[in-house]
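Novice: prediction below, plus the sequence it came from.
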Amino acid sequence: MADKPDPKQAPQIQINTVDEISRGRYSNLMLVSHSPEEFMLDWLLNSPNGAHLVSRIILSPGNVKRAIEALTINLKQYEDKFGTVKLIDPGEQKVH
């Protein structure tokens, strides 16, 4: 009889990418819009020269819900390890 896989262990996924994408992008602002069928997440870089689109991700409503759940779990794990993340008042986030 074969052993059952541990449901707590995440499956391994092999990800293929190019260097430009694997380096990642920095974003300090996000805009969200949606229709009945999809959510559009525009990740922006707010700089002294204005806001620049860094990436646009389009998700189904179900995938948005799964992403929120995953982020919530990971933020809790982060705060348990490193302490509470303090939010800066939006008025204090001006680029100088």
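Specialist: Everything's here; your move. Numbers count the residues shown, from 1 in each chain.
Novice: now do the contacts for A67.
Specialist: The neighbourhood of A67, defined by Cβ atoms under 8 Å, 6 or more residues apart in numbering, consists of L59. All C-beta atoms are positioned from the backbone trio N, CA, C, and that covers glycine.
Novice: swap in S55?
Specialist: Taking Cβ under 8 Å, 6+ apart, one finds R25, S27, D42, W43 in contact with S55.
Novice: gap between it and M30?
Specialist: 10 Å (Cβ to Cβ, to the nearest Å).
Novice: H52 too?
Specialist: H52 is 13 Å from M30, by Cβ to Cβ.
Novice: which neighbours do those two have in common?
Specialist: Going by Cβ under 8 Å, 6+ apart, residues that sit against H52 and also against M30 are L44.
Novice: joint contacts of S55 and M30?
Specialist: Residues touching both S55 and M30 (Cβ under 8 Å, 6+ apart): D42, W43.
Novice: flag the shaky bits of the chain, pLDDT-wise.
Specialist: Counting by pLDDT under 70, the chain contains low-confidence ranges at 1-7, 92-96.
Novice: how about the strands in it?
Specialist: In the chain, the strands defined using DSSP state E lie at 29-34, 39-47, 50-59.
Novice: looking at it, W43 is touching V32, isn't it?
Specialist: No: using Cβ atoms under 8 Å as the test, W43 is too far from V32 to be in contact (10.3 Å).
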